[in-house]
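S.K.: From the sequence below, what's the structure:
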Amino acid sequence: MPDSSKTTEDFQTTDDFAKLFKVKPATVRRGLCVDGHYLGIQPIKLPNGRLLWPTTKAKHLLGMEAA
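M.R.: Modelled structure (predicted):
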């Protein structure tokens, strides 16, 4: 369960997350299925089954912003 102080701007869809890493969304989903994470980042799963990926962690991994 995400921290209630976070907003939807702190998370992104699988499609947007994949675009950030320049891979197909299926690559991200497969990494999650096989390893339980994609590049060490774990999403939150909504009750409807959709995944939300933390934007800050992804940008930090890419060197786009400080942690």
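S.K.: Asp10 is in contact with Thr55, isn't it?
M.R.: Yes. Using C-beta atoms under 8 Å, Asp10 is in contact with Thr55, at 5.8 Å. (C-beta placed from N, C-alpha, C; glycine too.)
S.K.: Of the two, which one has the most company?
M.R.: Comparing Asp10 with Thr55 by other C-beta atoms under 10 Å, the one with more neighbours is Thr55, at 19 against 15.
S.K.: mind listing what Asp35 touches?
M.R.: For Asp35, the contact set (C-beta atoms under 8 Å, 6 or more residues apart in numbering) is empty.
S.K.: pLDDT value on it, please?
M.R.: pLDDT for Asp35: 96.
S.K.: how about it, phi and psi?
M.R.: phi -110, psi -20 (degrees, to the nearest 10).
S.K.: lowest average confidence, helix or strand, in the protein?
M.R.: helix 55-61 (a mean of 91; mean pLDDT, DSSP states H and E).
S.K.: May I have that helix as CSV, with CA atoms only?
M.R.: In CSV, the C-alpha atoms belonging to helix 55-61 read as follows (Å, rounded to 0.1, in the frame of the first residue of the first chain):
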residue,chain,number,x,y,z
THR,A,55,8.6,7.6,-10.8
THR,A,56,11.2,8.8,-8.4
LYS,A,57,13.0,5.5,-8.2
ALA,A,58,13.0,5.1,-11.9
LYS,A,59,14.4,8.6,-12.5
HIS,A,60,17.0,8.1,-9.8
LEU,A,61,18.2,4.8,-11.5
